[in-house]
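Participant: pasting the sequence and the predicted coordinates here, then a few questions.
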Amino acid sequence: MTIDLFRYEGKRVVVVGGATGMGASTARMAGDLGADVIVLDVAPVDYDCAQSISVDLRDQPSVDAAVDRIDGPVHAIFACAGVADGTPGIMLINFTAQRHLIDRLIKDGKLAKGGSVSFISSTAGMGWRKNIDRVRDFLSNEDWASAAAWTEANPDTDAYGFSKEAINLHVAQQAFPMLKAGYRINAILPGPTDTPLAQANADLWLTYAADYREDAGVDTLTPDQMASTLIFLGSDAASGINGETLQVDQGHTNAALVDAYDAPIVKMIAGEIEWDFAALGFE
């Protein structure tokens, strides 16, 4: 039946960063659709799942130990871990460790053929094309140690925006080789979403696009709205979708880029115009 394309019966999924927020919503939704769900997080998991594994994404031995505890076959990986600027090791958590974990699962033969990888990126990383040379230089460091050394040598890149640019370019670069190997890779780019992380950074994260939402008469996005998109991308229903970075922001970005809505900050993030902090109301 067609509906079976959207379901997860008989599948095993891994959710990295699944204790709270979008990751928790994704894990619960996958479980509701029939999956055996393995959740990895440094925080405790307070809901039922097939397996929960404690992992510190800033520590390679911890990540490798977590991978060793995952039995294959895995049919979908959801890389949902993310922290905000000011968190030590942000590049390790937001990208490097999750890439390493995914690479290990593939190398160890635990990701089943036809399996999928879905990252949570952000509209904050949509300027990767303008920064492509530097992001590509970072991504050329394919192992944990060299990537961590590159970040240490370029401390300004140990930042939220750069971590999301790295995800976006990584997805684009890996689409073809992943497909040849029998897998798919995609990412979602959420707009402001009402998660515990966003609430902790509410003055910055939840005020972004607030005027757009008010003018459109819509609410702030929810973790379940992001989870449902991830679940679709990881399902057989999305078998033709690969290498995509899908904006899930109620149309805010595209409306601003084509001047259907006046939001110069979007064009600044996208690299279409120079940053002008005075125009944004900052001294």
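Facilitator: Good, I have the coordinates. Residues are numbered from 1 along each chain as shown.
Participant: could you pull out the strands for the stretch 101-250 of the chain?
Facilitator: Counting by DSSP state E, counting those that start in this stretch, the stretch 101-250 of the chain has strands at residues 111-120, 184-190, 245-248.
Participant: Serialize these to TSV and add fields for mean neighbour count and mean pLDDT.
Facilitator: In this view, the C-beta of every residue, glycine as well, is placed from N, C-alpha and C. Listed next are the strands of the stretch 101-250 of the chain as TSV, based on neighbours: other Cβ atoms under 10 Å; pLDDT from 0 to 100:
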stretch	mean neighbour count	mean pLDDT
strand 111-120	23	98
strand 184-190	24	98
strand 245-248	19	98
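Participant: let me know how buried the residue lying closest to Gly82 once chain neighbours are set aside is, in neighbour terms.
Facilitator: Closest residue to Gly82 apart from its sequence neighbours, by Cβ to Cβ, 6 or more residues apart in numbering: Asn94 at 5.2 Å. When counting by other Cβ atoms under 10 Å, one arrives at 30 neighbours for Asn94.
Participant: separation between Leu33 and Ile53?
Facilitator: Applying Cβ to Cβ, to the nearest Å, the value for Leu33 to Ile53 is 21 Å.
Participant: which one's more surrounded, the two?
Facilitator: Neighbours were counted for Leu33 and for Ile53 using other Cβ under 10 Å; Ile53 has more, 19 against 16.
Participant: so Gly89 makes contact with Arg58?
Facilitator: Yes - the pair Gly89 / Arg58 is scored as a contact, 3.9 Å apart, by Cβ atoms under 8 Å.
Participant: look up how far Leu246 lies from Asp59.
Facilitator: From Asp59 over to Leu246 the distance is 31 Å, taken as Cβ to Cβ.
Participant: domain-wise, how is the protein divided?
Facilitator: The record assigns the chain these domain ranges, following automatic domain parsing: 2-250, 251-283.
Participant: mean pLDDT lowest for which of those domains?
Facilitator: By mean pLDDT, the lowest-scoring of the domains of the chain turns out to be domain 251-283, with a mean of 88.
Participant: picking up where we left off before, compare the strands of the stretch 101-250 of the chain and give me the one nearest Lys130.
Facilitator: Closest to Lys130 of the strands of the stretch 101-250 of the chain, according to Cβ to Cβ: strand 245-248, at 14.7 Å.
Participant: now find how far off-centre the closest one is within its chain.
Facilitator: On the basis of Cα atoms, centre = their mean, to the nearest Å, strand 245-248 sits 10 Å off its chain's mean C-alpha point.
Participant: who does that strand pair with, and is each partner parallel or antiparallel?
Facilitator: Applying DSSP bridges to the sheet, strand 245-248 is found paired with strand 184-190 (parallel).
Participant: next, the angle strand 111-120 makes with the strand it pairs with.
Facilitator: Between strand 184-190 and strand 111-120, the angle comes out at 20 degrees (axes from the mean of the first three to the mean of the last three Cα atoms, to 10 degrees).
Participant: pull stretch 99-111 out as PDB, backbone CA atoms only.
Facilitator: Coordinates of each C-alpha in stretch 99-111 appear next as PDB, following Å, rounded to 0.1, in the frame of the first residue of the first chain:
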ATOM      1  CA  ARG A  99      30.000  13.100  10.300                       C
ATOM      2  CA  HIS A 100      32.400  10.700  12.000                       C
ATOM      3  CA  LEU A 101      29.600   8.700  13.500                       C
ATOM      4  CA  ILE A 102      27.800   8.400  10.200                       C
ATOM      5  CA  ASP A 103      31.100   7.500   8.400                       C
ATOM      6  CA  ARG A 104      31.700   4.800  11.000                       C
ATOM      7  CA  LEU A 105      28.300   3.300  10.600                       C
ATOM      8  CA  ILE A 106      28.800   3.100   6.800                       C
ATOM      9  CA  LYS A 107      32.400   1.800   7.100                       C
ATOM     10  CA  ASP A 108      31.300  -0.900   9.600                       C
ATOM     11  CA  GLY A 109      28.500  -2.000   7.200                       C
ATOM     12  CA  LYS A 110      25.800  -1.000   9.700                       C
ATOM     13  CA  LEU A 111      23.900   1.400   7.400                       C
END
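Participant: buried residues, it. List them.
Facilitator: By neighbour count with 16 or more other Cβ atoms under 10 Å, stretch 99-111 contains the buried residues Arg99, His100, Leu101, Ile102, Arg104, Leu105, Ile106, Lys110, Leu111.
Participant: no further questions, thank you.
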